[in-house]
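Q: Here is my input; please provide its structure:
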Amino acid sequence: MFTGSLGAMTDIDVARYREVVGHFATGVVVVTATGSSGPLGFTCQCFGSLSVDPVLVSFSARTNSSSWPQIAQVRTLAINVLSSSQEDLARLFGASGTDKFSGVGWSGGINGAPLLSGALAHLEATILSVTTHGDHDIAVAAVQRIESFTGSPLVYYRGGFGSFSA
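A: Down below sits the predicted model:
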C-alpha cells in the first residue's frame with residue numbers, strides 16, 4: 001500500500017490537463033442531503049461503484065465548495081444519476097450561490113435525502129470515510145437503498161453535456 005507523499009509532482013499546464021482528462025466521458029450525478037437549513041446538493045462527475053461486498057460507492061467533491069462540507073457533516077445522502085433530459089439540473093447544481101432546489105421536483109428518501117424527480121437512478125447511502133487529495137475530497141459511502149428507472153444517461157465529455165444510448 002502506498003502511503004508516501006508525492007509533493008509537487010509536475011509543472012503540467014492546468015488548462016491542458018483539463019483538456020486531456022476531458023477525453024474521458026463520465027456520467028453525471030447530483031449528490032444531495034438535507035442539512036439543518038434545508039436541502040443541499042452539488043453536481044458530480046467523479047462517481048463510481050467501489051465494492052459489491054459490502055456495497056460501497058465513491059465520489060469526489062471540491063473541498064472548498066459551499067454544499068459539500070455541509071453534506072459531509074450530515075453523512076446521509078442520495079446520489080441521483082441524471083438522465084439525458086436533465087442538463088439544466090446538472091448546470092443548476094453545479095453553480096454556487098443559488099437556491100438549487102427552487103422549482104426542482106424532488107421527494108425525501110428513506111434517509112431524508114432529496115431524490116430528484118426524473119433521475120435514472122437513486123442510491124441512498126451513508127458516508128463512511130473522507131480523505132483529502134489536492135483540491136478535492138474523496139468520499140466512500142455505504143449504500144442502503146437503490147432504485148432505477150428507464151431512459152438514457154446524461155454524460156459529460158470534453159467540456160460539454162451529451163447523451164448516450166445503447
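
Q: Low-confidence bits of the chain, can you list those?
A: 1-9 (pLDDT under 70).

Q: what about the helices in it?
A: 14-21, 68-74, 87-94 (DSSP state H).

Q: elements contacting the second one?
A: For helix 68-74, the elements it packs on are strand 29-35, strand 38-44, strand 55-62, strand 136-148, judged by 3 or more CB pairs under 8 Å, 6 or more residues apart in numbering; DSSP states H and E. Heads up, the C-betas are built off the backbone N, CA and C, glycines and all.

Q: May I have the beta-bridge partners of residue 137?
A: Legend: beta-bridge partners of residue 137 under DSSP bridges are residue 61, residue 132.

Q: and it, how many neighbours does it have?
A: Neighbours of residue 137 under the rule other CB atoms under 10 Å: 19.

Q: Just name the most buried of the helices and strands packed on helix 68-74.
A: The highest average neighbour count among the helices and strands packed on helix 68-74, using mean count of other CB atoms under 10 Å, belongs to strand 29-35 at a mean of 24.

Q: what inclination does that strand have with respect to strand 136-148?
A: Strand 29-35 and strand 136-148 are oriented at 90 degrees to each other (axes from the mean of the first three to the mean of the last three CA atoms, to 10 degrees).

Q: If the residue minimising distance to the centre of the chain is in a bridge, with which residues?
A: For the chain, residue 44 is the residue whose C-alpha lies nearest the centre (CA atoms, centre = their mean; 3.1 Å). Beta-bridge pairing for residue 44 (DSSP bridges): residue 29.
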